[in-house]
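Novice: Okay, sequence plus prediction incoming.
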Amino acid sequence: MDVEPCSRWLRTTPGAAALAQPYFCTEAGLFYGRERFATARTDKEAYLLLYTLEGTGLIEQNETQVTLGPGCALLLDCRAPQNYGTAQGQSRWHHYWALIEGTGVQALASVLCPDKRPCTVELPEAPPLFDELLDRLETETAESAVTNALVLHRLLAAMAQHHLAGDSAAANRKMIEDAVVHIRTHYAEALCLDELLSSAHISKSYFLRLFRQYMGTTPYNFLLCYRITKAKELLAQTDLPVGAVAHQVGFGDESNFSTRFTAMVGQSPLRYRKGALRAR
């Protein structure tokens with residue numbers, strides 16, 4: 001593997017406390033990679049978090065090739081084949097790494113590795129967080145499971161914030177924000193995707209990917225959630241019949257509204273209204 005003997009490689013088998021967390025780690029390390037350090041992997045059911053301390057790494061996945069320099073991090077979806085190692089012409093690649101899983105990682109993957117392609121992010125706050133993860137990984141207590149989950153959340157959330165706030169993402173963010181304003185303004189009307197695309201001037205597939213990246217869901221599901229939220233307000237604050245509420249928030253008929261509301265809220269519109277009134 002061509003790493004210096006002082007490198008660390010830790011492994012653990014998560015117990016029930018760790019598996020209950022939105023983030024958990026199965027392996028992690030600090031590799032002092034030399035010139036010939038290289039790894040190739042296929043079909044591993046996990047995500048790989050990498051961060052460079054010194055030197056430069058070269059990462060290849062899905063016909064995309066990126067270099068990972070000092071102070072930069074990236075997340076790889078290991079379900080797609082990948083290769084990584086010390087970049088050509090570099091004598092070393094000193095880096096942290098962690099194999100991580102959980103619903104929290106999956107939720108952020110669309111932002112941090114869109115289309116399963118590597119995307120680098122500057123992350124100066126990473127080293128002490130990785131050190132904390134390595135120090136606690138093998139403890140395997142309920143407390144360490146929660147702490148490690150929080151550390152991974154801080155790492156990934158910081159990566160997402162830096163990525164979404166970057167200059168290159170500003171135009172895309174503005175475009176999605178405009179689409180969201182349009183949905184919130186016209187939610188009670190019959191909306192279609194073409195309306196949102198009319199001023200975007202990009203392909204439908206790219207728009208949908210960007211919307212999911214910034215909003216965490218599809219335009220249709222965002223519209224449904226917003227309609228249900230407005231319906232909650234009407235149910236709690238007015239005496240309108242359920243059918244009238246349905247029409248006011250954009251549903252064609254009471255039956256469809258009640259079915260959607262119950263599925264998304266966990267109780268019928270009338271039961272929600274009764275609970276909201278008691279809470280006053």
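Specialist: Happy to help now that I have it.
Novice: all helices for the protein, in order.
Specialist: 16-19, 103-112, 126-136, 142-164, 167-185, 193-197, 204-215, 219-237, 242-248, 254-265, 269-278 (DSSP state H).
Novice: for those, which one sits closest to Ala40?
Specialist: helix 103-112 (21.1 Å; C-beta to C-beta). Where you see a C-beta, it was placed from the backbone N, CA and C, and this is true even at glycine.
Novice: ok, residues contacting the closest one?
Specialist: 21-23, 47, 74-75, 77, 119, 121, 149, 152-153, 156-157, 159-160, 163-164, 209, 212-213, 216 (C-beta atoms under 8 Å, 6 or more residues apart in numbering).
Novice: do the same with stretch 132-152
Specialist: Contacts for stretch 132-152 (C-beta under 8 Å, 6+ apart): 8, 10, 12, 14-15, 17-18, 20-25, 28-30, 49, 96, 98, 100, 102, 104-105, 129.
Novice: 10 Å instead?
Specialist: 8, 10-30, 49, 96, 98, 100-102, 104-105, 128-131, 154-155 (C-beta atoms under 10 Å, 6 or more residues apart in numbering).
Novice: do the same with stretch 230-248
Specialist: 184, 187-188, 227, 249-258, 260-261, 264-265, 268-277, 279-280.
Novice: Next, the buried residues of it.
Specialist: Across stretch 230-248, burial judged by 16 or more other C-beta atoms under 10 Å covers Lys230, Ala231, Lys232, Leu234, Leu235, Val242, Val245, Ala246.
Novice: just stretch 55-64 next, same as before
Specialist: For stretch 55-64, using 16+ other C-beta under 10 Å, the buried residues are Gly55, Thr56, Gly57, Leu58, Ile59, Gln61.
Novice: now stretch 22-42
Specialist: 22-26, 28-35, 37.
Novice: Among these, name the ones in strands.
Specialist: The strands, defined by DSSP state E, take in Phe24, Cys25, Thr26, Ala28, Gly29, Leu30, Phe31, Tyr32, Gly33 from those.
Novice: The first one: what's it in contact with?
Specialist: So the one you mean is Phe24. By C-beta under 10 Å, 6+ apart, the neighbours of Phe24 are 12, 14-15, 17-18, 99-102, 104-105, 145, 148-149, 152.
Novice: Give me the nearest residue to Arg173, chain neighbours excluded.
Specialist: Distances taken as C-beta to C-beta, 6 or more residues apart in numbering place Tyr214 nearest to Arg173, at 6.1 Å, with adjacent residues excluded.
Novice: Spell out which residues sit in contact with the one you found, please.
Specialist: Going by C-beta under 10 Å, 6+ apart, the list of residues near Tyr214 reads Ser110, Val111, Leu164, Ala169, Asn172, Arg173, Met175, Ile176, Glu177, Ala179, Val180.
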